[in-house]
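Novice: sequence and predicted structure below; questions after.
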Amino acid sequence: MSRWEELTGGGSGQAYAARFTALARGGKDVHGEARFCAALVPAGARVLDAGCGTGRVMIRLAELGYDCVGVDLDASMLAVAQQQAPELPWVQADLARFEPSLLGIATDFDLVVAAGNVFPLLAPGTEATVVRRLAAALRPGGLMVAGFGLDEAHLPVPPGLTLLEYDDCCAAAGLTLVDRFATWDADPYDGGGYAVSVHRR
């Protein structure tokens, strides 16, 4: 069982979406991840939103002209995404068992994005497998972007994945670190408790 399932019970879709709706209504920018991704690849590029949740990032990227596919294990989150954007492809799958070809999905993505603490909330011990499967979905030269917390202040669960461990997983999957930031606004990484990492296949 993933840490996400242990934390939420797999039924938090509506509550999760409501939190971001409230933030947006209060004037909070909730599209930092999409803006970050749009600066990396041109409109029209193929994007895989891994751990897409309620679809906040992917829906914005689709509005900006990207060809997107969203994948998540949590049916309650996907139900919200499908309700908000029924015209977009939402796929229920465990990232540790993600086989795009078996789902009829071409493995030539220009960008894979894993926002929202996807990696720290995986089932412990599956991180390397997930990185390998996501890397395999990229075209040669494609990018993988992951943003996640590294300490208790930035995570809803105890920290379980270090940047060094994540980089080792990426290296084993044939990915090379391109850049690392402290926020989705591309502030320089300063060794703090949150990191946004960009790797290239």
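Specialist: Cool, the structure landed.

Novice: residue contacts, the closest residue to Ala96 other than its chain neighbours?
Specialist: Nearest residue to Ala96 in three dimensions, chain neighbours excluded: Thr126, at 4.2 Å (Cβ to Cβ, 6 or more residues apart in numbering). (Each C-beta comes from the backbone N, C-alpha and C, glycine too.) Applying Cβ atoms under 8 Å, 6 or more residues apart in numbering to Thr126 gives the contacts Ser2, Leu95, Ala96.

Novice: of the residues you listed, which is the nearest to Asp179?
Specialist: Leu95 (23.2 Å; Cβ to Cβ).

Novice: residues in contact with that closest one?
Specialist: Applying Cβ under 8 Å, 6+ apart, we find Leu95 in contact with Ala50, Gly51, Val71, Leu73, Val118, Leu122, Thr126, Val130, Arg133, Leu134.

Novice: against Val118, how distant is the residue nearest to Ala96?
Specialist: Noted for Thr126: a distance of 11 Å to Val118, by Cβ to Cβ, to the nearest Å.

Novice: next one: Cys68
Specialist: In terms of Cβ to Cβ, Cys68 sits 16 Å off from Val118.

Novice: which one of these two has more residues nearby?
Specialist: Under the neighbour definition other Cβ atoms under 10 Å, Cys68 and Val118 were set side by side, and Cys68 has more, 28 against 23.

Novice: how far does the helix or strand encompassing the more buried one sit from the chain's center?
Specialist: According to DSSP states H and E, Cys68 maps onto strand 67-72. On the basis of Cα atoms, centre = their mean, to the nearest Å, strand 67-72 sits 10 Å off its chain's mean C-alpha point.

Novice: list the buried ones in it?
Specialist: Neighbour counts over strand 67-72 (16 or more other Cβ atoms under 10 Å) mark Cys68, Val69, Gly70, Val71, Asp72 as buried.

Novice: just to revisit the earlier point, most neighbours of all the contacts of Leu95, which one?
Specialist: Using other Cβ under 10 Å as the neighbour criterion, Leu134 leads those with 28 neighbours.

Novice: before we move on, what SS does that residue have?
Specialist: Here Leu134 takes the helix state, with states given by DSSP: H, G, I helix; E, B strand; the rest coil.

Novice: please consider this matter closed, and thank you.
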